[in-house]
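> Sequence unavailable; structure follows:
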């Protein structure tokens, strides 16, 4: 059974940093692109970026809205996906999801609140 | 950035009624994807590559369209279909979602 489980969310002050994790299981992790998406309360989802699979060299692409502040990485030995977020702003407040390539499986989401 | 405009924003349907949700793209896209999101849950993939049904999705759901105009149809509304629906394109970076259509049961 495919499972994706995010962790690491919470309250952070503006200008701070936070790293989210996504534990993947039930599939061959290295075969898949992995995505991060966020969704502010009551709004549409926003794609943040992805990291490619082994066949495509694990390279990354980002939404210009977060490029330079957010970094996606993966630990293929632990089947873990990460989102490093720096210089956080109030508008980064949202539920953050990881998703498998093709968006056929999503995690349950983790809440990030940026506030003083 | 390709902007996806969904209509209607909100709608309601009676059980058994046919429902159509439209997604208009600001530029031509090669395919459209549709998601269903119920309150407090993650989005669920319904339709991929414009018209292909995702695994486990009832066949009362269907998708169609091309270019800049796409639609999601629920052939016969059921109470469990009450949710918010989003379209999504990944023809160009950044991948974008529509603003959503809230579907309620009458």
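That came through, no problem. On a predicted model such as this, the values are computed, not experimentally measured, just so you know. Residues are numbered from 1 along each chain as shown, chains lettered A, B, ... in the order given.

> I figured residue B:14 hits residue B:77, correct?
Yes - contact criterion C-beta atoms under 8 Å: residue B:14 and residue B:77 qualify, at 6.6 Å. For every residue, glycine as well, the C-beta is placed using N, CA and C.

> Mutual contacts of these two, please.
Residues touching both residue B:14 and residue B:77 (C-beta atoms under 8 Å, 6 or more residues apart in numbering or on different chains): residue B:105.

> The two: which is more packed in?
Set residue B:14 next to residue B:77 and count neighbours by other C-beta atoms under 10 Å in any protein chain shown: residue B:77 wins out with 20 against 9.

> what sits against the nearest residue to the more buried one once chain neighbours are set aside?
Ranked by C-beta to C-beta, 6 or more residues apart in numbering or on different chains and with sequence neighbours excluded, the top spatial neighbour of residue B:77 is residue B:13, at 4.2 Å. Residue B:13 makes contacts with B:19, B:74, B:77, B:103-106, as judged by C-beta under 8 Å, 6+ apart.

> let's go with 7 Å and repeat that
For residue B:13, the contacting residues are B:19, B:77, B:103, B:105-106, by C-beta atoms under 7 Å, 6 or more residues apart in numbering or on different chains.

> does the residue most central in space within chain B count as helix, strand or coil?
Centroid check for chain B by C-alpha atoms, centre = their mean gives residue B:34 as the closest residue, at 4.0 Å. Three-state call for residue B:34 (DSSP: H, G, I helix; E, B strand; the rest coil): strand.
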